[in-house]
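Visitor: With the input below, show me the fold.
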Amino acid sequence: MSASTQEHREQAPESINCAVVTVSDTRNEETDKSGKIIKDVLVQAGHQIIDYRIIPDEPDQIGPLLDELASRSDSDAIIFNGGTGIAPRDTTFDVIDRMLEKKLDGFGELFRWLSWYEIGPAAMLSRATAGTYKNTLVFLTPGSSNAVNLAMEKLIGPEVAHMVFEVRK
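Guide: Alright, predicted model coming up:
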């Protein structure tokens, strides 16, 4: 790791405020394993969960919710899971991708690269993405618990506070 990356990580906040959104037509709080993984990883890292919701994969709900959560003064990062595939009902990516003001293409690229080692060429079916909206970090991961675990453990968890530092400077 470069000295400047290490320096920025050291300047990053110890705790950030995160919203978690599961996009699913079938899950509820009891069956939302992916949302639980996201919340657990964040809390174990010392971050705060300021909002948690489960919504259906409906564009007219996804966009307004992203706008609402990013408009909160206490919101640093929003992590959506679900709706990243190519099935007709998978619309989450389409809504979020249109709304992102700055895209972090490397997140999706790294996610698919790491996924390839676990699931092979099916990794290309994921439209995982990240970026910023209203100076708030936004991540979108697939809804499978294995995919969420990979994204949280390898990518989001280790860097989210550093990324907040970069967005807020």
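Visitor: Sketch out the strands for the chain, chain order is fine.
Guide: Remark: strands assigned in the chain by DSSP state E are 17-23, 48-55, 77-81, 102-103, 129-133, 136-141.
Visitor: so what strands line up beside the longest one?
Guide: Read that as strand 48-55. Strand 48-55 pairs in its sheet with strand 17-23 (parallel), by DSSP bridges.
Visitor: for the third one, same thing?
Guide: Strand 77-81 pairs in its sheet with strand 17-23 (parallel), strand 136-141 (parallel), by DSSP bridges.
Visitor: As JSON lines, the strands of the chain with mean pLDDT, mean neighbour count and distance to Lys154 would be great.
Guide: The C-beta positions use only the backbone N, C-alpha and C, and glycine is treated the same way. Formatted as JSON lines, the strands of the chain follow (pLDDT from 0 to 100; neighbours: other Cβ atoms under 10 Å; distance: least, Cβ to Cβ, whole Å):
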{"stretch": "strand 17-23", "mean pLDDT": "98", "mean neighbour count": "25", "distance to Lys154": "17"}
{"stretch": "strand 48-55", "mean pLDDT": "98", "mean neighbour count": "16", "distance to Lys154": "20"}
{"stretch": "strand 77-81", "mean pLDDT": "98", "mean neighbour count": "27", "distance to Lys154": "14"}
{"stretch": "strand 102-103", "mean pLDDT": "98", "mean neighbour count": "13", "distance to Lys154": "20"}
{"stretch": "strand 129-133", "mean pLDDT": "98", "mean neighbour count": "21", "distance to Lys154": "13"}
{"stretch": "strand 136-141", "mean pLDDT": "98", "mean neighbour count": "27", "distance to Lys154": "11"}
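Visitor: Using CSV, lay out those strands together with distance to Asp67.
Guide: Below are the strands of the chain laid out as CSV (distance: least, Cβ to Cβ, whole Å):
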stretch, distance to Asp67
strand 17-23, 12
strand 48-55, 13
strand 77-81, 11
strand 102-103, 16
strand 129-133, 8
strand 136-141, 10
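Visitor: Nearest to Leu114 among those strands would be which one?
Guide: strand 136-141 (11.6 Å; Cβ to Cβ).
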